[in-house]
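Chemist: Starting from these lines, generate the structure:
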Amino acid sequence: MTEAATLFQLSDCACEGLLIPAWEIQASQGWCVYGRNGSGKQLIDQLLVGELAPRSGEYNAFLDASHIALISFERQQATYEEEWRLAATDIIPEDEWGTRVSDFLPATRLADPLIDALNMRHRLEAFYRELSTGESRKLMVLKALLEDARLLICDNPFDSLDQATVVALNETFGAAVEAGASVVLLLSNRTDIPEWVTHFAYVEDGVMTVCAPGSRAAQLAELEELAGRHAIVQPGIPDDSIALESYAAPFIAELNHCVVQYGGRRVLDDITLQIAPLQHTLVTGENGAGKSTLLGLITGDCLQCFSNDVSIFGHRRGSGESVWEIKRHLGLVSNDLHRRYTVRCDVLSVVCSGFFDSIGLYDTPTEMHLRIGREWLAAVGMADKGTTLFQSLSYGEQRLVLIARAMVKSPLLLVLDEPTQGLDEANRERILGFMSAIEARQHSTLLFVSHREDEFLPLFQQHIHLRLTL
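Modeler: Just a heads-up that it's a prediction; the model follows:
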């Protein structure tokens, strides 16, 4: 192999929180770097894109930074915040919503068939803030590939994508590797490892171990030995949480022939849904089919709930009901909430903010609030993180904190919009175990959105599948 084919060469490379004894990335390689939440995996992408400087050892990059693309939830969050900043200034006209999808892509490549392969042709004129989490993920991949990136670093790229898109994205990555690019996947779940990956590494406690060269089967066996299987401690539901008591209304939520549209495009068309107490409901569908919008009608985050026939906890939306009384009975974990939780505060404050339905903690929590908050942090395996700054956590760790935040007030309805996004396999198992415990305790009614078939649990009594409206 010539030096020209070597993209990165690291030896005894150490930086704060990460040590890489030896690693070489060459052209046309498909890599999987596996690690659990908080293992230091995310520091690798910061190191490769130049955001983290090595303190010692050798760090040699043989390609320009402009040829490296990073695809991660953090980058999506940064783009989202920038779009909101633009909207709050006079830089764009009042009738504009920010940057259109087509403006993120090279103007000369808008006819590329890759746009069709990832089913984004119909979204080219949409504004970035109109995209679902899955669609914005696909846009980042398109931008990287259409700008001919030579190295793609992808942090859990398959999270939040429907199964058809996962297949298409895998084919796209595989083709990019065959064409000479290199792809590094930073994965938290071994079940997500694609067939085209031929090189493996493992990260634990900030130390990266590269599997010995050999067959794919031999490297996977070494990865399995390195990772092992950590026992899941399932503390269960804290004693202060309450079971769903007798409930007067026949339905927790009721939607009748609801229609939601933005800019002339119908996101939801004639949706009718009823959720009875303890009728746990699964929602699935393609990226952009309106799953999060459906949840927004129920939670009130979609303002068109007031122009539709929507009743929550027996109260018709827009009939003078108390918004805060409804919120008091709702627990929510969603991509939108995660994006908006940018207030700087410690982890326990984030959890206790769930009692007040606020982003940030502006009321003084009682000793009972603090105790229940700590119990839920222990339940999601984050007992030692209470005083840690929320923004300093990895994306997956932040997700666990937001799940604890949703649970503290024992909600009648627990709305979970892809709650396991960004979680490693151990923590996914922990959260799915919570859901089974909630069912057994008759603790809350679950409304759950997921793309992963291994999360379609037997406890779901109702399954709503939404289809894309073009």
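Chemist: Which residue lies closest in space to residue 254, excluding its sequence neighbours?
Modeler: Closest residue to residue 254 in three dimensions, ignoring its sequence neighbours and counting by CB to CB, 6 or more residues apart in numbering: residue 311, at 4.5 Å. Just so you know, the C-beta spots here come from the backbone N, C-alpha and C atoms, and that holds for glycine as well.
Chemist: Tell me if I'm right that that neighbour and residue 258 touch.
Modeler: No - between residue 311 and residue 258 there is no contact, the gap being 11.2 Å when judged by CB atoms under 8 Å.
Chemist: re the thing from before, beta partners of the residue nearest to residue 254?
Modeler: residue 254, residue 316 (DSSP bridges).
Chemist: Enumerate every residue touching it.
Modeler: Contact criterion CB atoms under 8 Å, 6 or more residues apart in numbering gives 251, 253-255, 317 as the residues in contact with residue 311.
Chemist: Dump those residues into JSON lines; add neighbour count and distance to residue 70 as well.
Modeler: Converted to JSON lines, those look like this (neighbours: other CB atoms under 10 Å; distance: CB to CB, whole Å):
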{"residue": "251", "neighbour count": "18", "distance to residue 70": "45"}
{"residue": "253", "neighbour count": "25", "distance to residue 70": "39"}
{"residue": "254", "neighbour count": "20", "distance to residue 70": "43"}
{"residue": "255", "neighbour count": "22", "distance to residue 70": "39"}
{"residue": "317", "neighbour count": "21", "distance to residue 70": "41"}
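Chemist: Would you check those and say which has the weakest pLDDT?
Modeler: For the contacts of residue 311, the model is least confident at residue 317; its pLDDT is 86.
Chemist: Assess the claim that that one and residue 303 are in contact.
Modeler: No - counting by CB under 8 Å, no contact exists between residue 317 and residue 303, whose distance comes to 9.9 Å.
Chemist: just the contacts of residue 311 now: which is nearest residue 120?
Modeler: Of all the contacts of residue 311, residue 255 has the smallest distance to residue 120: 28.5 Å, by CB to CB.
Chemist: Which strand or helix spans the nearest residue to the closest one once chain neighbours are set aside?
Modeler: With CB to CB, 6+ apart as the measure, residue 273 is the residue that lies nearest to residue 255, at 4.5 Å, once sequence neighbours are left out. Counting by DSSP states H and E, the secondary-structure element that holds residue 273 is strand 265-275.
Chemist: Also residue 70?
Modeler: Under the assignment given by DSSP H and E, the secondary-structure element containing residue 70 is strand 68-71.
Chemist: which residues are in contact with the helix or strand following that strand?
Modeler: Helices and strands here follow DSSP H and E; after strand 68-71, the next one along the chain is helix 73-87. Counting by CB under 8 Å, 6+ apart, helix 73-87 makes contact with 42, 92, 97-99, 127-129, 133, 136-137, 140, 155-156, 159, 339, 342, 395, 421-422, all of which sit outside it.
Chemist: repeat that with 7 Å
Modeler: Helix 73-87 has contacts (CB atoms under 7 Å, 6 or more residues apart in numbering) with 92, 97-99, 128-129, 136-137, 140, 155, 339, 395, 422.
Chemist: Residue 148 in helix, strand or coil?
Modeler: Secondary structure of residue 148, reduced to three states by DSSP: H, G, I helix; E, B strand; the rest coil: coil.
Chemist: typo on my end, it should be residue 161
Modeler: Under three-state DSSP, the three-state class of residue 161 is coil.
Chemist: likewise the one 4 residues further on?
Modeler: Under the three-state scheme (three-state DSSP), residue 165 adopts helix.
Chemist: just how off-centre is stretch 8-25 within its chain?
Modeler: Counting by CA atoms, centre = their mean, to the nearest Å, stretch 8-25 is centred 27 Å from the centre of its parent chain.
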